[in-house]
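# Using only what follows, build the 3D model:
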Amino acid sequence: MKHKVFFDASCILAALGSDNGGSFKLMRVLSESKHSIYTSEIALDEARRHLTKIKSSKRALSLLTKKFKIVIIPAPKLQEVERCYKYTKDPDDAYLIASCFLKDCSHLVSLDKKHVLPVSAEVKRPKILTPGSFLRSLSK
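Alright, predicted model coming up:
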């Protein structure tokens, strides 16, 4: 089964910060096994704002998206995002769920323990996991 996996900004930054971490390893595994990797313009904008925290660059971000053939989708329309407010504690994260719905993503991968990961109990698809959890599920 081919997965359609959406990476949020936290995972993109983690992959840029370390090629030994779960985010980078998951991107590598997914791209090698021909699964689809997605992110959104919004997630990339958020990642760009935090590049200095991990001592990275816009060039490195661009190279990462090319290396793993990450499909960058446009921001969902406000109406689509508003439908997803009910799923998130932080309305600013509703775009993640809306983006996943638009592309019918099977998984949303995040490291946000405060706002995104707790939503996994309410949203059945996409399945919301950490990179490490997703890697473990692939190896079963």
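# did I read that right, Tyr38 in a strand?
Yes: under DSSP: H, G, I helix; E, B strand; the rest coil, Tyr38 falls within a strand.
# which residues does it form a beta bridge with?
Phe6, Val71 (DSSP bridges).
# Begin at 8, not 1, for the rest of this chat.
I'll keep to 8 as the first residue from here, and by that count the last item is Tyr45.
# can you pull the contacts of the residue minimising distance to the centre of the chain?
Against the mean C-alpha coordinate of the chain, by C-alpha atoms, centre = their mean, the closest residue is Phe14 at 1.3 Å. For Phe14, the contacting residues are Ala22, Ser30, Met34, Ile44, Tyr45, Thr46, Ala50, Ile77, Val116, by C-beta atoms under 8 Å, 6 or more residues apart in numbering. (Each C-beta comes from the backbone N, C-alpha and C, glycine too.)
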